[in-house]
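**Student:** After the sequence you'll find the predicted model.
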Amino acid sequence: MLQNDSLTGSSVLSKEEIIDDYRLACESRQVSLLGRKDTMGGRSKFGIFGDGKEVAQIALSKVFQPGDFRSGYYRDQTIEAAVGNLTWQQFFAQMYAHADLEHEPNTGGRSMNGHFSTRWVDENGDWLDQTQLYNSVCDISSTAGQIPRSVGLGYASKLFRENAELHDMTTFSRNGNEVVFATIGDASTSQGMFWEAMNAAGVLQIPLIVSVWDDGYGISVPVEYQTTKGSISKALGGLQRNEDGEGIEILTVNGWDYPALVETYQKAAKISREQHVPVLVHVTELTQPQGHSTSGSHERYKSKQRLAWEREHDCNVRFRDWILKNGYATDDELEQIEAESKERALSERNEAWQAYRKELDKEYVETIRLLQDVAQASTSTAEINNAILELQKTYLPVRRDMIAVVRKVLRIVGKEENSEKRTLQAFLQDNLKANKERFNTHLYSETRYSPMLVEPVSPIFSDNSPTVDGREVIRTYFDALFAKDPRVVALGEDIGFIGDVNQGFAGLQEKYGEVRITDTGIRETTIIGQGIGMAMRGLRPIVEIQYFDYIYYALATLTDDLASLRYRTAGGQCAPLIIRTRGHRLEGIWHSGSPMGTMLSSLRGLHVVVPRNFTQAAGFYNTLMKGDDPALIVEPLNSYRQKEILPDNVGDYYIPLGQPEILREGNDVTIVTYGSMCRIVMEAASQLQHSGIEVEVIDVQTLLPFDVDNRIVESIKKTNRVIFADEDLPGSASGFMMQQVLEKQQAYRWLDSAPVTIAAKDHRPPYGSDGDYFSKPNMDDIFETVYEIMREAAPDKYPELFNV
């Protein structure tokens with residue numbers, strides 16, 4: 001049996017601390033048990049809990065200091081409670097989806113239970129002092145999805161320690177002493193992003209402690225199907241640091257061994273905090289007393305022998321035995337703690353439920369009253385009363401149930417006119433507005449730091465403005481940016497020593513140092529994760545995805561973590577990361593893609609910026625760097641060596657988001673496009689002029705946001721014809737632009753001809769100029785499309801081009 005003297009002298013625990021730890025373990029277990037009952041009883045939609053991991057998480061919490069970060073997943077309730085981030089009422093409020101930040105401050109009722117977060121941005125958009133907080137990045141359910149950002153959170157500590165220019169950012173760091181505690185289930189370590197992140201952490205040498213909660217299963221699949229050698233610590237053995245070189249430290253400990261856990265985490269934290277060495281803590285022999293989640297029983301797939309073993313090795317049971325063995329409490333005293341823990345959990349659950357139902361029940365009473373008033377005044381009383389009865393029979397009615405019946409009744413009364421109907425209509429509008437605030441806000445910044453509020457400043461040109469390659473424009477901008485803001489960091493493949501593959505950073509690493517402009521390995525997922533973590537800690541990273549089609553490697557991290565961060569925390573967290581990439585018009589199956597449809601569907605929450613040249617790109621970078629939202633900028637790949645006039649005020653002008661620019665005025669057809677397509681469309685427009693057709697060319701400039709002032713419809717009112725030109729696949733960005741203009745701006749009302757889209761073929765373009773010409777839109781395609789539209793309207797004026 002374990003003995004307390006197995007602890008080192010520096011980690012001897014008092015009797016009071018040990019008993020407090022046991023009390024917390026009991027309380028955490030009880031809320032897990034009650035949580036499952038609430039789900040099975042219909043109070044909650046789903047439940048997933050940290051039962052079986054309580055003792056390990058208590059040990060971890062002892063070395064979790066203010067300023068540190070947790071980057072974990074949905075089983076970390078005991079950590080959050082131990083450091084004071086979570087009350088049990090808040091735990092249950094999240095289970096009930098209580099959409100009120102006062103009761104559910106983690107996500108405002110937007111995430112399911114077990115998704116915890118610290119609010120480090122206040123209602124004004126100002127950063128709170130992270131060094132005073134036990135920081136918890138909002139969890140995501142995607143397995144291993146929390147790990148890429150963990151690399152960036154740890155890397156930020158490295159920068160805060162090594163870059164003297166950052167030492168005055170004292171509300172974000174204390175000389176880089178902050179440790180990141182990442183947690184993950186053992187089955188999720190099979191994900192590629194976990195392996196990529198562990199390799200990156202070993203290369204970067206950052207203060208990151210990754211705890212693997214190993215209970216032997218990934219839902220029903222045992223570890224032997226998951227991990228080489230049946231052990232993640234053995235499988236990662238090649239990364240273990242030794243005299244031959246840097247790497248990671250690997251520690252293993254049983255999850256039921258309280259003193260060994262305490263000692264292990266003290267050792268891990270000392271190594272990582274002082275030496276900036278990543279540590280893997282493999283916590284083995286954990287259990288799942290209630291199985292994976294409320295979706296099913298683990299008795300379906302675990303043998304009787306395994307279930308018996310789990311009962312014997314339950315960490316709380318073993319902790320209790322250890323306390324008794326070492327004389328820290330009597331059996332009666334522990335039974336009293338257990339009874340009190342059960343009573344407290346029940347009391348906290350009841351308080352949370354009552355708080356959740358209080359407002360709902362008030363709204364329910366008001367809804368019923370208004371519906372009954374309408375029924376009395378209507379000629380359809382019986383039908384309305386049936387609808388009311390339907391609501392009254394609903395078990396635990398929520399706003400969805402109430403509003404659905406209100407809308408149904410308003411359909412029933414139809415054309416009837418009376419004050420009761422008008423009152424119900426007003427009630428509906430007030431509720432829709434309130435629920436929009438509850439559920440449909442904070443996708444983008446709503447603070448005074450929003451990039452949408454940045455005042456535009458135009459580029460200035462003079463007789464002395466030189467004509468240079470596009471790459472020189474963007475390089476000059478980056479030089480100015482790095483000179484004035486020490487928070488700015490750039491990293492990516494080949495961005496440092498050679499200044500990126502297109503020379504946008506040429507010579508800047510030598511000027512500003514490797515600590516600010518840094519090469520990375522080929523690891524797109526953790527490049528994005530590195531940027532997310534840095535941005536969460538007050539830095540302003542620009543991370544590069546070398547070619548646009550590489551972004552697919554990082555798409556899960558972008559869409560699940562970065563794009564949803566502000567939304568899923570109801571404005572409590574942000575990560576203003578700028579992702580730089582290059583795309584469009586390159587020939588061949590690889591690197592030539594323009595996957596805008598994917599981006600538009602996956603990256604709501606980011607601004608998607610598509611400049612046609614580098615003068616525009618520099619202005620957009622400047623606007624975004626002044627704001628607090630994340631963004632993707634797709635630089636035009638074929639423009640780095642095209643000539644542009646270098647503005648006199650590079651670094652000091654700001655181009656607004658969501659503002660299209662008319663590149664050429666015309667009266668016959670409007671062509672809406674963006675990026676590298678602008679040059680091709682402009683060439684076609686010049687050719688069409690010789691045929692007596694005047695085309696108005698509009699560069700949308702940003703796809704998210706899109707034409708916020710409805711400028712495009714004003715052009716269509718003049719031309720009455722529109723083409724949406726894009727080099728993505730059919731129905732992608734072209735379809736998006738059409739929906740925005742014809743539906744949202746209602747431009748269909750002004751059309752005299754059918755709207756047309758121009759896009760690439762369904763397949764990737766073959767290698768070579770011929771393959772490109774016959775696969776992507778070209779000047780001839782655009783010319784002929786416009787010409788045919790005009791010929792349909794005036795066949796006598798525009799004769800047939802080809803008699804085929």
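**Tutor:** Great, that's in hand. Residues are numbered from 1 along each chain as shown.

**Student:** Please make it C-alpha for all contacts and neighbour counts, starting now.
**Tutor:** Noted.

**Student:** ok, and what's touching stretch 392-411?
**Tutor:** 43, 360, 364, 367, 371, 384, 387-388, 391, 421, 424-425, 428, 431 (C-alpha atoms under 8 Å, 6 or more residues apart in numbering).

**Student:** Just give me how far it sits from the chain centre.
**Tutor:** Computed by C-alpha atoms, centre = their mean, to the nearest Å, the chain-centroid distance of stretch 392-411 equals 33 Å.

**Student:** Out of the contacts of stretch 392-411, which end up buried?
**Tutor:** Applying 16 or more other C-alpha atoms under 10 Å to those, the neighbour count classes 43, 360, 364, 367, 371, 384, 387-388, 391, 421, 424, 428 as buried.

**Student:** Just confirm Ser117 is within a helix.
**Tutor:** No. Assigned with DSSP: H, G, I helix; E, B strand; the rest coil, Ser117 falls outside any helix and is coil.

**Student:** what about stretch 481-495, start to end distance?
**Tutor:** End-to-end distance for stretch 481-495, by C-alpha to C-alpha, to the nearest Å: 16 Å.

**Student:** for stretch 440-455, same thing?
**Tutor:** Distance across stretch 440-455, first residue to last, is 26 Å (C-alpha to C-alpha).

**Student:** what's it in contact with?
**Tutor:** Contacts of stretch 440-455 (C-alpha under 8 Å, 6+ apart): 123-125, 564, 566-567, 570-571, 604-606, 623-624, 626-629, 654, 656-657.

**Student:** Which of the residues you listed are buried, as a PyMOL select command?
**Tutor:** In PyMOL syntax, the buried subset of the contacts of stretch 440-455 is picked out as below (16+ other C-alpha under 10 Å):
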select buried, resi 125+564+566+567+570+571+604+605+606+623+624+626+627+628+629+654+656+657
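
**Student:** for the stretch 201-350 of the chain, what spans make up the strands?
**Tutor:** 208-213, 217-218, 221-222, 249-254, 279-284 (DSSP state E, counting those that start in this stretch).

**Student:** Tell me the confidence at Asp5?
**Tutor:** If you check Asp5, the pLDDT there is 45.

**Student:** picking that back up, go through the contacts of stretch 392-411 and flag which are in helices.
**Tutor:** The helices, defined by DSSP state H, take in 360, 364, 367, 371, 384, 387-388, 391, 421, 424-425, 428, 431 from the contacts of stretch 392-411.

**Student:** Pick the one among those residues closest to Glu335.
**Tutor:** Leu360 (37.9 Å; C-alpha to C-alpha).

**Student:** Show the contacting residues for His584.
**Tutor:** 592-594, 636-638, 675-676, 727.

**Student:** before we move on, back to that, flag whichever of the buried ones among the contacts of stretch 392-411 scores worst on pLDDT.
**Tutor:** Minimum confidence in these sits at Arg43, scoring 94.

**Student:** my read: that residue touches Tyr96, true?
**Tutor:** Yes. Assessed by C-alpha atoms under 8 Å, Arg43 is found in contact with Tyr96 at 6.6 Å.

**Student:** domains for this structure, by residue range?
**Tutor:** Domain assignment of the chain by automatic domain parsing yields the ranges 4-329, 357-437, 451-645, 661-793.

**Student:** For Ala345, which of those domains is the nearest?
**Tutor:** domain 4-329 (5.6 Å).

**Student:** Please tell me how far that closest one is from the chain's geometric centre.
**Tutor:** Chain-centre distance of domain 4-329: 20 Å, with C-alpha atoms, centre = their mean.

**Student:** same check, this time on stretch 580-597
**Tutor:** Centre to centre, stretch against its chain (C-alpha atoms, centre = their mean), the figure for stretch 580-597 is 24 Å.

**Student:** again, but for stretch 672-683
**Tutor:** With C-alpha atoms, centre = their mean, you get 31 Å for stretch 672-683.

**Student:** Identify all contacting residues around it.
**Tutor:** 584-585, 610-613, 635-639, 664, 671, 697-702, 712, 722-727, 778-779, 782.

**Student:** Please repeat the previous calculation with a cut-off of 6 Å.
**Tutor:** The contact list for stretch 672-683 (C-alpha atoms under 6 Å, 6 or more residues apart in numbering) reads 610-612, 636, 698-701, 724-725, 779.

**Student:** just stretch 263-276 next, same as before
**Tutor:** Stretch 263-276 is contacted by residues 60, 177, 179, 205-207, 278 when judged by C-alpha under 6 Å, 6+ apart.

**Student:** With distance to Asp321 and pLDDT as added columns, please give these in a markdown table.
**Tutor:** Shown next, in a markdown table, are these (distance: C-alpha to C-alpha, whole Å; pLDDT from 0 to 100):
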| residue | distance to Asp321 | pLDDT |
| --- | --- | --- |
| Leu60 | 21 | 99 |
| Asn177 | 37 | 98 |
| Val179 | 32 | 99 |
| Gln205 | 39 | 98 |
| Ile206 | 38 | 98 |
| Pro207 | 34 | 99 |
| Pro278 | 33 | 99 |
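
**Student:** Have a look at the contacts of stretch 672-683 and tell me the least confident one.
**Tutor:** Lowest pLDDT among the contacts of stretch 672-683: Pro636, 94.

**Student:** just to revisit the earlier point, CSV for the contacts of His584, including neighbour count, distance to Pro755 and secondary structure?
**Tutor:** Shown next, in CSV, are those (neighbours: other C-alpha atoms under 10 Å; distance: C-alpha to C-alpha, whole Å; DSSP: H, G, I helix; E, B strand; the rest coil):
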residue, neighbour count, distance to Pro755, secondary structure
Ser592, 22, 27, coil
Gly593, 22, 25, coil
Ser594, 24, 22, coil
Pro636, 23, 27, strand
Leu637, 22, 29, helix
Asn638, 15, 29, helix
Gly675, 26, 21, coil
Ser676, 22, 22, coil
Glu727, 27, 17, coil
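
**Student:** just to confirm, which helix or strand has the nearest residue to Ile337 once chain neighbours are set aside in it?
**Tutor:** Setting aside the residues directly before and after it, Ile337 is nearest to Arg23 in space (C-alpha to C-alpha, 6 or more residues apart in numbering), at 6.2 Å. Assigning secondary structure by DSSP states H and E places Arg23 in helix 15-40.

**Student:** ok, and which of the strands of the stretch 201-350 of the chain has the densest surroundings?
**Tutor:** Ranked by mean neighbour count under mean count of other C-alpha atoms under 10 Å, those are led by strand 208-213, which reaches a mean of 27.
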